[in-house]
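> the sequence and its predicted three-dimensional model are supplied below.
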Amino acid sequence: MIKAVEISKKFERKQVLDQVGFQVRPGTIYGLLGSNGAGKTTIMRILAGILKQDKGCVLIDGKAVFENVEIKQRIIFMPDILYFLPQYTVKQMGKYYADMYTNWDQRRYDQLISQFQLENKKVSSFSKGMQRQVAFCLALAAKPDYLIMDEPLDGLDAVVRQRIKGLIINDVAERDMSVLISSHNLREMENLCDDIGIVHKGKMILERNLDDMKSEVQKVQFALRKGQDTQFLNELNILHQEKRGSIHLVIIKADRHEVEALFAAQNPVVLDMLPLSLEEIFIYEMGGAGYAIENILD
Amino acid sequence: MPSKTSSIKKQVILYDLRQVGWLSVLYFLALFLIVPLNIIIKYSNQKTREIVMEKGEVFLYVPEFQWILSITVPVLLGVILFRYMHKKQASDFLHSMPVKRKTLLGHHTIVGLLLLFVPIGLNAIILITIQAVSGIGDYFNASDVLSWLGLVLFLNVFMFVITVFTSMITGMFSLHLVFTYIFSLLPAAVMFLGTYNLSILLVGFPADYYSKSMVRAYSPITYFYDRFLTSQTGNTVYSQVSWLTLTIYAAIAVLLYIAAHWLYVHRRLEETSQSVVYPFMRPVFRFGVIICFMMTGGIFFHTGSASLGWAIFGYIAGSLAGFVLVESILYKTWRVYTNYKSFLVVAGFIVLAFLATYLVKNNYENSIPSVEEVEKVYFGEFYNYEGQGVEPGMEPLYFTNEDDIELVQRLQKQIISAPQDNAWESEESRSTFIVYELENGEKIARSYFYSIEDNTELKRLQSEVENSLLYKHANNAVFNLPKEDVYAVDVQSNNIKQNSIAVTDPQLINKLHEAIKKDIELSSSEAPEELQTYSLDFLTNKDEGFYYTSFDDSYKNTVQVLQEAGIYDDIKVYPEDISSIELNNFDRNKTITVKEESDLNHILDHAVYYSEDEDSYFVTVNLNRGSSMKEELSIEYDDLPQSIKNQLEE
């Protein structure tokens, strides 16, 4: 379990992180969202043991990460701008990681390399997308308990992206790996993450479990018979409401079954329970809280 | 299964070797070329073997290169090994690995040292091998090689440790190199700048006394330059390796490494790519740069003008330049004026320092110890901290007699009260170095540069000191020559005649020696510049070579001895030796040939070696026999005989 407790960090005189706290449960994927410069990378560099927080603490399985080799053995950090040792080939990088990480699985590395059809050439000669694949092969072959990735899916084509997502989800399910992943793209996180945290200007402004969130908010499209009024909606926590002709669209914060039962009782002409995108949930829910979420996420 | 707890990271070492191994190979080759191979080549040729090779010398072979390699290779090595610290991506990569920083530091250090030890050590082994199996062994033995090895390794390791230390201070690759050399020269540079500037501000402050004796030992670069480039067997202070200095250097190296370790563990990696990584060092850095630039500015404008006004201008200009530079390095922008407050803080310190100097100025300049306190006083043109006199083999001059000490003090007071700024233009200027050694073991040193022109009292005191027997004994080589080692005296004529006679008869040598000593004791220090000046070179078998002294016709005893020996006529130019004298005017469009004996005499008496006066004439002397002087003499128009002047008017 990764536990960040009220971590604060200043660069020079600028407050980059201000009492940020969150948890990544074992076997789950945590999505860290925020615009550029929000502090996501700094959080990750602290979690990876590269930087040391000024205040607060970062515990992984109850132990501090900074300069803790035993813990760092179980963490892989993949930065947004990848780095490979200069002039190193795919195989040599593998050897380097094998020396560093005791859990290294050479067979898996070879498998992944051939699966991605990567030749044994100097990594620097690869395209950006291929370099990203090498980084994933290295990360997954090291079999970390904690995988920290800063904007990892940027610049990958859809096929590779899907394949990598699959591999990550597979490891999470099989080995109970915990993943912390950052992105400024909500849509990308939607089908991947269990929990989401939104960071803005160095502060954690929202933290949610996605399943909870989805079951909490419902999008209903309905049309009532003539003469029927929408009085019954007043009992509900309506986040958003609009009407096109005779079709009503409401977003309600409530349990799905409750909502279904309530609407069924009205016997409407049209009744559809529509799927809600993560983005919509955030926009509708946060809009009420006074945050212009559109500005945070792009 | 590999050991889980192994703290030796093979791959880190392998990576380092891939990065810098080539440098070590090149280093080996370069050293091999300039030392063992060079020795073999020189030895294989009978001529070079005899002329060039010296016993016990391994440093003899292109020592400049040995020195340059020793101060560049370890630095390059360190810069490349620790480059990852100065690049954000590389730094993040390596520091996210499950390795402790101290393990990384240890690995890089060991690889660095290994890559220095191997090429130097291999060359030492080659040297020992070739001296063991060949006749080269006559020239040096294993212990010579070992002391070479020791010294070279010492400098290499020290430079490497400095590089490791500076790598921790900065977050920028390019500045790492710069900082390393600045850091290795800093103590010496600050010492030099400080003492030189005090000598601008305080009359009598002997900058050389402090800088010459210490500055060179304050930087490994200069200290080892002296050890590498001066003869090992010569046994001078420069070549001798002081164990104390080496111990201090070793201790500094250990402290620097410990400091580097501490800094690394506490390094905030987010400051990577900052010029100075640790915020607490930035004010120190700023202060240091501004002060150094200020002092350099002061020196620059003072040496050009010798005036305090310009020096002050230099201080202001230098400190401003230093401020602009340091702020643009620290904040990587030329818009530095926004941070003027930090300049004001430093400027405040500088003003305080100048005030403090001003407060002690009077006291410092006028503090002359009372005669009773003084055990002895050194008096000379300059001070040789090696304890030698003004020329090799000569003894330094110390006055111990109370009257003499008092005389020196009267002279010193006169110097202090005289104006100080006209010495450069004056034709009669003097440098004087005075060091009082007190009964309580303290030393008070002062040095002055001043003019005695137009100052009768100063002139009188100066000549009183210079005419004292002790002064003459100390400042004339003939009083200090090892008599038993003299095997010949070369008696040389003046430049017109260009004749020299070798005297080998021991009795005559002895007579000449006694006569010249007597004449020097009798002569006055203010001998006019004579054209008819001769010289005696006493040649000895000793290292120092010859002892030279010049004399003129006023040295009656010497002239007499030479006349008796029949040598005098060979060196003296008589009018009958001269066939003619040619006079050319300054533009060389008028030539007059002089043959009249009285005119010849007159011209010989008045000619000088060189005159800048445009009214002067060039004098070419043609002799009846023998070679004449190649270069021309000069004579001023006013000094020409009337008959010649008349001729010129025509």
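That came in fine, so what should we check first?
> how far is stretch B:154-168 from where the chain is centred?
When distances are taken as CA atoms, centre = their mean, to the nearest Å, stretch B:154-168 is centred 26 Å away from the chain's centroid.
> how about the residues of the stretch 1-150 of chain A by chain B?
Within reach of chain B by CB under 8 Å from any CB of the partner chain, the stretch 1-150 of chain A has these residues: A:11, A:42, A:45, A:48-52, A:67, A:69-70, A:72-73, A:75-77, A:79, A:81-83, A:85, A:87, A:95-96, A:98-102. In short, each C-beta sits where N, CA and C put it, glycine included.
> from these, keep the buried residues only.
A:42, A:45, A:48-52, A:72-73, A:75-77, A:79, A:82-83, A:85, A:95-96, A:98-102 (16 or more other CB atoms under 10 Å in any protein chain shown).
> could you give the number of residues near A:Asn234?
Counted with other CB atoms under 10 Å in any protein chain shown, residues neighbouring A:Asn234 total 7.
> cool, B:Arg49 as well?
B:Arg49 is flanked by 16 other residues according to other CB under 10 Å.
> for the longest helix anywhere in chain A, packing partners?
Longest helix in chain A, counting residues (DSSP state H): helix A:158-175. Other helices and strands packing on helix A:158-175, by 3 or more CB pairs under 8 Å, 6 or more residues apart in numbering or on different chains; DSSP states H and E, are strand A:29-33, helix A:128-141, strand A:178-183.
> will you turn the ones you listed into a markdown table that also has mean pLDDT and mean neighbour count?
Output for the helices and strands packed on helix A:158-175, formatted as a markdown table (pLDDT from 0 to 100; neighbours: other CB atoms under 10 Å in any protein chain shown):
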| stretch | mean pLDDT | mean neighbour count |
| --- | --- | --- |
| strand A:29-33 | 92 | 26 |
| helix A:128-141 | 93 | 21 |
| strand A:178-183 | 93 | 25 |
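> go through these and name the closest to B:Glu381.
Ranking the helices and strands packed on helix A:158-175 by their distance to B:Glu381 (criterion: CB to CB) puts helix A:128-141 first, at 71.3 Å.
> list the strands paired with the helix or strand just after that closest one, with their directions.
With elements assigned by DSSP states H and E, the helix or strand that comes after helix A:128-141 is strand A:146-150. Its sheet considered, strand A:146-150 pairs with strand A:75-78 (parallel), strand A:178-183 (parallel) by DSSP bridges.
> quick one: contacts of the last one?
In this case it means strand A:178-183. For strand A:178-183, the surrounding residues in contact (CB atoms under 8 Å, 6 or more residues apart in numbering or on different chains) are A:1-2, A:24-34, A:40-41, A:43-44, A:47, A:145-153, A:168, A:172, A:189, A:192-193.
> again with the first one
Outside of strand A:75-78, the residues within contact range by CB under 8 Å, 6+ apart are A:44-45, A:47-50, A:60, A:65, A:101, A:135-136, A:138-139, A:142, A:144-150, A:152, B:92, B:96, B:98.
> need the residues of chain B near chain A, please.
So chain B meets chain A at B:2, B:4, B:9-12, B:15, B:18, B:89-93, B:95-101, B:265, B:268-270 (CB under 8 Å from any CB).
> at 6 Å what do you get?
With CB under 6 Å from any CB of the partner chain as the criterion, chain B meets chain A at residues B:4, B:9-11, B:15, B:89-90, B:92-93, B:95-98, B:100, B:269-270.
> just to revisit the earlier point, so of the buried ones among the residues of the stretch 1-150 of chain A next to chain B, which ones are in helices?
A:Thr42, A:Arg45, A:Lys72, A:Lys95, A:Tyr96, A:Ala98, A:Asp99, A:Met100.
> which stretches of chain A form strands?
Assigned by DSSP state E, the strands in chain A fall at A:2-11, A:14-24, A:29-33, A:55-60, A:63-64, A:75-78, A:146-150, A:178-183, A:195-200, A:203-209, A:217-223, A:238-244, A:247-253, A:270-274.
> after whichever strand or helix holds B:Leu600, which helix or strand is next?
For B:Leu600, the element it lies in under DSSP H and E is helix B:597-606. Later in the chain than helix B:597-606, the nearest helix or strand by DSSP H and E is strand B:617-623.
> and the next helix or strand after that next one, what's its mean pLDDT?
Toward the C-terminus, strand B:617-623 is succeeded by strand B:633-635 as the next helix or strand (DSSP H and E). Mean per-residue pLDDT for strand B:633-635: 79.
> what sits up against strand B:633-635?
Here strand B:633-635 makes contact (CB atoms under 6 Å, 6 or more residues apart in numbering or on different chains) with B:His606, B:Ala607, B:Val608, B:Tyr610, B:Ser611, B:Ser616, B:Tyr617, B:Val619.
> quick check: the residue of the stretch 101-250 of chain A nearest chain B.
Of all residues in the stretch 101-250 of chain A, A:Thr102 sits closest to chain B, at 5.2 Å by CB to the nearest CB.
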